[in-house]
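In: task: produce atomic coordinates for the following.
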Amino acid sequence: MCQEHTTEPLEPPGTHRAAPPCPCRPADVREAVARAVAERCRATHTHCDTEALADALLVASELTTNAMLHGGGVTGFQVDVSGPGVSLSVSDRSDELPVVVPLADRQERRRPGGHGWPIVCRLSRDVRVSDLPAGGKCITAVVPLS
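Out: From the prediction side, this is the model:
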């Protein structure tokens, strides 16, 4: 998914549902992910892998930051811990697909930034970009927890 993009509709047209207020800052998203993973570990009486959790927190933070910097702001967030991974979905206002930005310009000068999307792709088992019916997109990344 990170090498070539495909888009798919997230919900059928005409679907309406009330969404709870979403965390819109990276710190809020990280807190929501940590809480969801901790609840799952308690409920299943399993050990939480701190390195895997750190990867999930970094992916959540990068998706949120990218939505803020390049997508017109976060319009939705969802975390689902099921099976051996955590699914993180961040929606924004932009229809533009994520891109990998070269780390240097034509004169070989290093430019700041450009690390977020490669980090998401490297740490995630699956990444999908879905078009939203009212415009914008939702990026869903599944990060392994074991």
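In: pLDDT score for residue 46?
Out: Note for residue 46: predicted pLDDT of 87.
In: please apply the same query to residue 104.
Out: Value listed for residue 104 in the pLDDT field: 66.
In: try the one 10 residues further on
Out: With respect to pLDDT, residue 114 has a value of 69.
In: repeat that for residue 69.
Out: 91.
In: repeat for residue 101
Out: pLDDT at residue 101 comes out at 72.
In: go on, residue 126?
Out: Looking at residue 126, the pLDDT reads 95.
In: for this protein, what's the longest helix?
Out: Longest helix in the chain by number of residues, with DSSP state H as the criterion: helix 50-70.
In: now that helix - C-alpha only, PDB.
Out: Written as PDB, here are the backbone C-alpha positions of helix 50-70 (Å, rounded to 0.1, in the frame of the first residue of the first chain):
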ATOM      1  CA  THR A  50       6.100  -2.000  25.300                       C
ATOM      2  CA  GLU A  51       8.100  -1.800  22.000                       C
ATOM      3  CA  ALA A  52       5.100  -2.700  19.900                       C
ATOM      4  CA  LEU A  53       3.000  -0.100  21.800                       C
ATOM      5  CA  ALA A  54       5.700   2.500  21.100                       C
ATOM      6  CA  ASP A  55       5.400   1.700  17.400                       C
ATOM      7  CA  ALA A  56       1.600   2.100  17.500                       C
ATOM      8  CA  LEU A  57       2.000   5.400  19.400                       C
ATOM      9  CA  LEU A  58       4.500   6.700  16.800                       C
ATOM     10  CA  VAL A  59       2.300   5.700  13.900                       C
ATOM     11  CA  ALA A  60      -0.700   7.400  15.600                       C
ATOM     12  CA  SER A  61       1.300  10.500  16.200                       C
ATOM     13  CA  GLU A  62       2.600  10.600  12.600                       C
ATOM     14  CA  LEU A  63      -0.800  10.100  11.000                       C
ATOM     15  CA  THR A  64      -2.300  12.900  13.200                       C
ATOM     16  CA  THR A  65       0.600  15.300  12.500                       C
ATOM     17  CA  ASN A  66       0.400  14.600   8.800                       C
ATOM     18  CA  ALA A  67      -3.400  15.300   8.900                       C
ATOM     19  CA  MET A  68      -2.700  18.600  10.600                       C
ATOM     20  CA  LEU A  69       0.200  19.700   8.400                       C
ATOM     21  CA  HIS A  70      -1.000  18.400   5.000                       C
END
